[in-house]
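[1] Mind folding the following:
(one chain, ligands or ions: 1)
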Amino acid sequence: MKDVQTLTQEEAAAELAQLAIDLSAANRAYHQNDAPEISDADYDALKRRNAEIEAQFPELKRTDSPTDKVGAEPASGFQKITHSVPMLSLGNAFDDGDVTEFDRSIRKYLGFGDEDPLAYTAEPKIDGLSLSLRYENGQLIHAATRGDGTTGENVTSNARTIADIPAHIPNAPDLLEIRGEVYMSHADFEALNTRQSETGDKTFANPRNAAAGSLRQLDARITESRPLCFFAYAWGSLSAPLGETQSGAIQQLKNFGFQINELTKTCNGPVEMIEHYRDIETKRATLGYDIDGVVYKVDDLALQARLGFRSTTPRWAIAHKFPAELAWTRLETIDIQVGRTGALSPVARLQPVTVGGVIVSNATLHNEDYIAGLGGDGSKIRGGKDIREGDWVQVYRAGDVIPKVADVDLTKRPKTAMPYVFPTVCHECGSDAIRDDGDAIRRCTGGLICPAQAIEKLKHFVSRAAFDIEGLGAKQVEQFLEDGWIKEPADIFELRARFGAGLQQLKNREGWGEKSAENLFDAIDERRTIEFHRFLFGLGIRHLGEAAAKDLARNFADWETLADTADRAALEPATTDASKDAAAQSPAWATFLEIDGIGRALTQSLVAALAQDHERAVIDRLVAHLTILPPEDQASDSPVAGKTVVFTGTLEKMTRAEAKARAEALGAKVSGSVSAKTDLLVAGPGAGSKAKKATDLGIETIDEDGWIALIDGL
Ligand code: 5U1
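    Okay, here's the model as predicted:
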């Protein structure tokens, strides 16, 4: 091999190109396939050679230089793993009242009285990142981050370096998926940051970031050098149950060799749960690791199974968060941001201040009433104190939420500070910004002609819970929009046709090479087939969140049926009945409002969006590029999948809410009224007109025991 000093420019460029290929192959073999093809020493030698050539010929450093990649590759550098059972998040309780309400709603769902015993576990909520570990025949097969809950990143080689994670479990069932939290202790975090600053490397804002940054390293040797810990608290797929109770199952995790949190306690009802929360709160500062609340779970696993899940959170668990941390700082200016639905959102730009280990320089100011010192119902907040530029303000953050302003110190208000005048014109497009009656938000009326709305809609479209196009994030969307390459979602699917052949325009742009451009077009092509709920969420319609998109997708056979129902609703007089009593609505409206989780505001916004010519044309152009998959048939084995079921009369073995949730989980659509579309009526004692109508229409009718037998074991 030639000495670097004697290489010509051409030789150096050729060698750098070859090194990029070789190192990339070595990385893939090591990190993605867990099958290293070269020794560590050879790998290091290649890296050193690459660094030496780059030092000698800095102008030849490639945009895909391996130097920049190690330890800093984006998430796309990890292989994806689809979780066998989704990794859920938790609903939140912010005060004692929310905890009492959690217990009350569970009792109601299960049909339990106030005096019926109902035990819960209560355990610290670790402020780290969730990890799922799969063991087959006792061997650790893979480890995956939570990701979007459905698909995570393969971090197996990294997880293998964590001492708390056994590589082998002698007495494990054939299939065992363990879930828990990776975290870093305070002491290890301080020591790591000291080391990082000594070596001139990046320091971390808090232990959680340090843990995440350390686990998500493409070079597992870096992870190994970082002191990570792991607490186990849950499980996914199992070949044999771990116990009959949450507390018993946790003990079993301990027997398998995992660390479990010793502050986990079984409590009889909300009074004991809150007592334990207070106890953990007093111990919080001395634990040596960060926690951000206490998690309560119904202890009886059979009851957990009955309670089941909402779209993204279990009904049987909740996180009781600790109160937010507070700090005072100067509010320098108020900026207005225009969101994808046209909402004008005021943002406080702050003198940076540390709040709970995180540097905060922005806080939300919600809307103009909030700035003026008025709450949603028109009553005074902060004692009626308004917020002005130049004010000394108290900010807080709770969990991952955007920081907020809690208070204003009027004694420190500059004499020159003037009341804030909220704009009535959108500064992005010059359109009027108006406030509808009863709406606290002022909105730009520019629609997609407003560049801010257009860009936010596109960013939302490519976001993780929507189309999630690899290589096309917010930054690339901004770039493409600026270049006039895309204006609306359909344009994304025309990029290959426009640039496909030569790729010249794209690959000449900074950050793009032939390979990355080709990868982008492939990733876009992959998304031409899209799940129904992702498509719906991606439309960015006001009030249409992820959960509602899933609810809609489960209840409509396909996009055409949904759009057709919305079109009919647009022709029907909008209901004036403020209740959600679906029977009181006109037929197309009722189709939406009968769906659990779909309310009037969303229906109104969806119907209005689809009735708007411009918006509809944008959607139609997009649909022309797509194959929209019908809702995942989670329960294709289920005899009620795709059927419309009506429950009537008294149910004695389950509550109505439980019956409905269970039927929906099995793929059925539950309706409140009998019609020719009904497939099955489940009639308990006291069933009246619905049972008669079903008989008249020749609809199959069964009793509660028949229903239980039908869904037995599913
Ligand atoms: N301690 C604890 N943290 N935590 C987080 N338990 C727990 N359970 C969770 C999550 C997300 O989820 C359950 C639904 C398994």
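
[2] Stretch 363-381 - what's its average pLDDT?
    Stretch 363-381 shows a mean pLDDT of 92 in the predicted model.

[3] for it, which positions count as buried?
    Of the residues in stretch 363-381, those scored as buried under the neighbour-count criterion (16 or more other Cβ atoms under 10 Å) are 363-374, 381. C-beta coordinates here come from the backbone N, C-alpha and C atoms, glycine included.

[4] and the closest residue to the ligand within the stretch 101-250 of the chain, what are its phi and psi?
    Taking Cβ to the nearest ligand atom as the measure, the point where the stretch 101-250 of the chain comes nearest the ligand is Ala234, at 3.5 Å. Reported as degrees, to the nearest 10, the phi and psi values for Ala234 are phi -160, psi -180.

[5] Please name the nearest non-neighbouring residue to it.
    Spatially, and ignoring its direct neighbours in sequence, Ala234 is nearest to Arg179 (4.2 Å; Cβ to Cβ, 6 or more residues apart in numbering).

[6] Just grab the bridge partners of the one you found for me.
    Under DSSP bridges, the beta-bridge partners of Arg179 are Ser132, Ala234.

[7] and the residue nearest in space to the middle of the chain, what is it in contact with?
    Geometric centre of the chain, nearest residue: Asp148, 5.4 Å, by Cα atoms, centre = their mean. When contacts are counted by Cβ atoms under 8 Å, 6 or more residues apart in numbering, Asp148 touches Arg464, Ala465, Asp468.

[8] now swap in Gly447 and tell me
    Gly447 makes contact with Gly342, Gln453, Gln612, His614, Glu615, according to Cβ under 8 Å, 6+ apart.

[9] ok, now with 7 Å
    Gly447 is in contact with Gln453, His614, counting by Cβ atoms under 7 Å, 6 or more residues apart in numbering.

[10] how much space between it and Gln453?
    Gly447 sits 7 Å away from Gln453, taking Cβ to Cβ, to the nearest Å as the criterion.

[11] Okay, helices next: where are they in the stretch 551-700 of the chain?
    Along the stretch 551-700 of the chain, counting by DSSP state H, counting those that start in this stretch, helices occupy 559-571, 587-593, 600-611, 613-623, 656-665, 689-697.

[12] possible to save those helices as a markdown table with mean pLDDT, distance to Ile711 and mean neighbour count?
    Shown next, in a markdown table, are those (pLDDT from 0 to 100; distance: least, Cβ to Cβ, whole Å; neighbours: other Cβ atoms under 10 Å):
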| stretch | mean pLDDT | distance to Ile711 | mean neighbour count |
| --- | --- | --- | --- |
| helix 559-571 | 94 | 26 | 17 |
| helix 587-593 | 89 | 25 | 21 |
| helix 600-611 | 91 | 29 | 19 |
| helix 613-623 | 93 | 35 | 15 |
| helix 656-665 | 84 | 7 | 19 |
| helix 689-697 | 91 | 19 | 15 |
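
[13] For the ones you listed, give me TSV that also has distance to the ligand.
    Shown next, in TSV, are the helices of the stretch 551-700 of the chain (distance: least, Cβ to the nearest ligand atom, whole Å):
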stretch	distance to the ligand
helix 559-571	30
helix 587-593	29
helix 600-611	26
helix 613-623	34
helix 656-665	16
helix 689-697	36
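
[14] now the ones you listed in a markdown table, with distance to Leu263?
    Output for the helices of the stretch 551-700 of the chain, formatted as a markdown table (distance: least, Cβ to Cβ, whole Å):
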| stretch | distance to Leu263 |
| --- | --- |
| helix 559-571 | 47 |
| helix 587-593 | 44 |
| helix 600-611 | 40 |
| helix 613-623 | 50 |
| helix 656-665 | 32 |
| helix 689-697 | 51 |
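
[15] ok, Gly384 - how many residues close by?
    The criterion is other Cβ atoms under 10 Å. On that basis, Gly384 has 10 neighbouring residues.
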